[in-house]
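S.K.: Dropping the sequence and predicted coords here.
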Amino acid sequence: KEGFTGHLTIIGDEPDEPYDRPPLSKQVLKGWVPADHTKLPRVREVDAEWLLGEAAVRLDRVNKQVHLVGGDQIPFDRLLIATGTRARQWFNPKEAALDGVYTIRTSNDAARLQKALAAKPGRVLVIGAGFVGSEVASVCRELGLAVTVVERASAPLVGALGGVIGKIAAEMQRDHGVDLRCGIGVKSLEGDGKGHVRRARLSDDSVVECDVVLASLGSIRNTEWLEGSGLAAGFWGVGCDTGCRAFDINGVVTESIFVAGDIARFPHVLYEYQFLTLEHWDNAVLGAAVAAHNMVSLEADRCPHLPLPAFWSGQFGVNIKSVGVCPFGNEIVFTQGSIKERRFAAAYGHRGRIVAAVTFNHAKWLEHYAAQIERSAAFPPPPAGFDRPPDMKPVPAEFPDPHVPTSLPTVILTGHDPNERAAEFRARLH
């Protein structure tokens with residue numbers, strides 16, 4: 001679309017053509033749409049060489065080649081890294097291999113889980129109450145299935161929306177018949193003599209009998225293939241500037257390698273230039289457009305990718321939408337609607353300015369809050385509309401302390417000692 005007429009190669013580890021992921025945990029699991037009917041429409045012919053089902057395993061920056069798992073070496077003048085994420089598997093490989101234990105990320109994952117739910121299992125266990133886990137629990141209740149949700153945090157959605165909203169999400173789940181257990185984890189999964197999962201032992205020594213288990217444990221960014229490439233790639237993604245150009249391990253920007261989608265880690269002016277990784281649909285779409293433009297443009301014509309993050313989720317009859325980066329805020333105030341009716345808007349603040357907003361069945365006002373966030377308006381924001389709640393006092397948003405040790409690594413290594421590279425550079429200068 002940008003006018004490029006050279007050779008275009010598209011590499012993907014999945015065998016399928018590009019498809020839409022959001023419906024997988026919603027419409028597909030409900031049985032409304034088959035998993036293989038979520039392919040993205042092609043509004044125009046894409047003149048490209050498609051190499052599907054062939055994972056990239058190494059990047060050779062010196063010779064400008066991408067090495068594939070089958071041994072082929074694909075040359076490039078410009079490279080876009082958009083390898084995204086994969087589902088985090090259950091920690092015990094033997095238990096993860098039991099029949100009835102699932103993750104959900106790909107269309108094949110969704111097809112397998114949908115078939116298992118359609119068979120009417122006696123009880124479904126969902127491990128993890130983030131957005132995907134909560135959406136799957138909601139689908140289970142819509143299908144009339146008994147479901148237990150186990151979450152290590154104090155409530156569902158705490159990491160994304162904070163404890164104040166998490167308490168509301170917990171009430172929502174329990175009101176719809178979910179057996180929600182927070183503040184505990186799953187120690188082990190046990191199968192029967194035929195290798196099918198039958199129960200889970202929890203950290204409080206209780207036991208949950210179940211026939212289907214969804215491990216909804218978050219995602220892992222696909223950066224392992226970049227080890228040794230010299231790029232700033234690691235656990236948190238691939239570092240890049242707002243023009244989508246990748247950084248090397250010393251923070252020097254590259255001119256031929258670009259990054260987009262879930263794997264891109266870039267600074268944002270609205271969030272004190274902190275580096276963000278956004279696993280949202282709009283970030284992938286808008287970031288791809290900016291990357292494509294900049295890959296085929298001269299430097300003076302390049303543009304920045306500075307999206308206002310946004311996402312949505314449908315669960316338990318409520319449409320949840322958000323703009324901004326909610327965990328960046330340390331305060332929250334309810335500005336419109338009714339918490340009791342689960343129809344409200346709330347704003348998040350940081351150092352006296354609004355940085356994010358969330359709505360439950362109140363999305364018509366989201367554009368108003370987005371405009372305030374983009375101009376760094378004051379927090380708490382002036383009331384909007386006429387359905388103001390009686391108490392509009394800001395309170396702590398109750399996000400988990402990021403400094404508390406978790407199962408995630410606290411130090412991310414990029415695969416190269418910076419001191420070694422600095423010494424090498426000084427030697428070249430002399």
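M.R.: Thanks, I have it. Numbers count the residues shown, from 1 in each chain.
S.K.: which residues make contact with the helix or strand containing Glu171 from outside it?
M.R.: Taking DSSP states H and E as the definition, one finds Glu171 inside helix 158-175. Contact with helix 158-175 is made by 129-131, 134, 137, 149, 153-157, 180, 182, 315-316, 318, 322, 326-327, 329, 332, 339, 342, 346, 348, 358, 360, 395-400, as judged by Cβ atoms under 8 Å, 6 or more residues apart in numbering. C-beta here means a position set from N, CA and C on the backbone, and glycine is covered the same way.
S.K.: start to end distance for stretch 75-90?
M.R.: End-to-end distance of stretch 75-90 (Cα to Cα, to the nearest Å): 37 Å.
S.K.: try stretch 204-216
M.R.: Counting by Cα to Cα, the length from the leading to the trailing residue of stretch 204-216 is 20 Å.
S.K.: now swap in stretch 210-226 and tell me
M.R.: Between the start and the finish of stretch 210-226 there is a gap of 39 Å, counting by Cα to Cα.
S.K.: in that stretch, what's buried?
M.R.: For stretch 210-226, burial by neighbour count (16 or more other Cβ atoms under 10 Å) applies to 210-217, 219, 221-223, 225-226.
S.K.: So which of those are in strands?
M.R.: Using DSSP state E to define strands, the subset of those located there is 212-215, 219, 221.
S.K.: Pass me the low-pLDDT residue ranges in the stretch 51-200 of the chain, would you?
M.R.: The model of the stretch 51-200 of the chain has no residue with pLDDT under 70.
S.K.: Which residue ranges of it form strands?
M.R.: In the stretch 51-200 of the chain, the strands defined using DSSP state E, counting those that start in this stretch lie at 56-60, 65-68, 73-75, 79-81, 85-87, 101-102, 124-127, 147-151, 179-182, 186-191, 197-202.
S.K.: May I see those strands arranged in TSV, with distance to Leu29 as well?
M.R.: Output for those, formatted as TSV (distance: least, Cβ to Cβ, whole Å):
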stretch	distance to Leu29
strand 56-60	30
strand 65-68	33
strand 73-75	36
strand 79-81	30
strand 85-87	15
strand 101-102	11
strand 124-127	11
strand 147-151	12
strand 179-182	19
strand 186-191	21
strand 197-202	18
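S.K.: Ok, which of those strands comes nearest Trp50?
M.R.: In this view, the strands of the stretch 51-200 of the chain are compared for proximity to Trp50 by Cβ to Cβ, and strand 73-75 is the closest at 12.2 Å.
S.K.: Now do that closest one: which elements does it pack against?
M.R.: strand 65-68 (3 or more Cβ pairs under 8 Å, 6 or more residues apart in numbering; DSSP states H and E).
S.K.: hang on, the earlier thing: distance to Ala300 and mean neighbour count added to the strands of the stretch 51-200 of the chain, as a markdown table?
M.R.: As requested, the strands of the stretch 51-200 of the chain are arranged in a markdown table below (distance: least, Cβ to Cβ, whole Å; neighbours: other Cβ atoms under 10 Å):
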| stretch | distance to Ala300 | mean neighbour count |
| --- | --- | --- |
| strand 56-60 | 28 | 17 |
| strand 65-68 | 29 | 17 |
| strand 73-75 | 27 | 13 |
| strand 79-81 | 21 | 23 |
| strand 85-87 | 34 | 17 |
| strand 101-102 | 50 | 23 |
| strand 124-127 | 51 | 25 |
| strand 147-151 | 50 | 25 |
| strand 179-182 | 53 | 18 |
| strand 186-191 | 55 | 17 |
| strand 197-202 | 58 | 18 |
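S.K.: out of those, which comes closest to Ala292?
M.R.: Taking Cβ to Cβ as the criterion, Ala292 comes closest to strand 79-81 out of these, the separation being 7.7 Å.
S.K.: What segments of the protein are helices?
M.R.: Defined through DSSP state H, the helices belonging to the chain, from first to last, are 27-30, 93-96, 107-118, 131-142, 158-175, 281-295, 366-374, 418-429.
S.K.: how much space is there between the residue positioned nearest the centre of the chain and Pro396?
M.R.: Compute the mean C-alpha point of the chain, and by Cα atoms, centre = their mean the closest residue is Glu279, 3.2 Å away. Here the distance between Glu279 and Pro396 works out to 26 Å (Cβ to Cβ, to the nearest Å).
S.K.: If Val197 is in a bridge, with which residues?
M.R.: Note on Val197: beta-bridge partners by DSSP bridges are Gly191.
S.K.: Look up how far Val213 lies from it.
M.R.: Note on Val197: its distance to Val213, by Cβ to Cβ, is 5 Å.
S.K.: so what sits against both of the two?
M.R.: In terms of Cβ under 8 Å, 6+ apart, Val197 and Val213 are both contacted by the residues 98, 100-101, 189.
S.K.: which of the residues you listed lies closest to Ala264?
M.R.: Among the shared contacts of Val197 and Val213, Val101 lies closest to Ala264 (Cβ to Cβ), at 31.1 Å.
S.K.: and the closest one, how far is that from Pro307?
M.R.: The spacing between Val101 and Pro307, counted by Cβ to Cβ, is 36 Å.
S.K.: same thing with Ile257?
M.R.: Relative to Pro307, Ile257 is positioned 21 Å away (criterion: Cβ to Cβ).
S.K.: Give me the distance between the two termini of stretch 271-287.
M.R.: Its start and end residues considered, stretch 271-287 measures 18 Å (Cα to Cα).
S.K.: again with stretch 324-343
M.R.: Across its full length, stretch 324-343 reaches 19 Å between end residues, using Cα to Cα.
S.K.: Run a quick neighbour tally on the closest residue to Gly70 other than its chain neighbours.
M.R.: Closest residue in space to Gly70, ignoring its immediate chain neighbours: Glu54 at 5.9 Å, by Cβ to Cβ, 6 or more residues apart in numbering. The criterion is other Cβ atoms under 10 Å. On that basis, Glu54 has 16 neighbouring residues.
S.K.: so who does Glu54 touch?
M.R.: Contacts for Glu54 (Cβ under 8 Å, 6+ apart) come out as 11-13, 68-70, 72.
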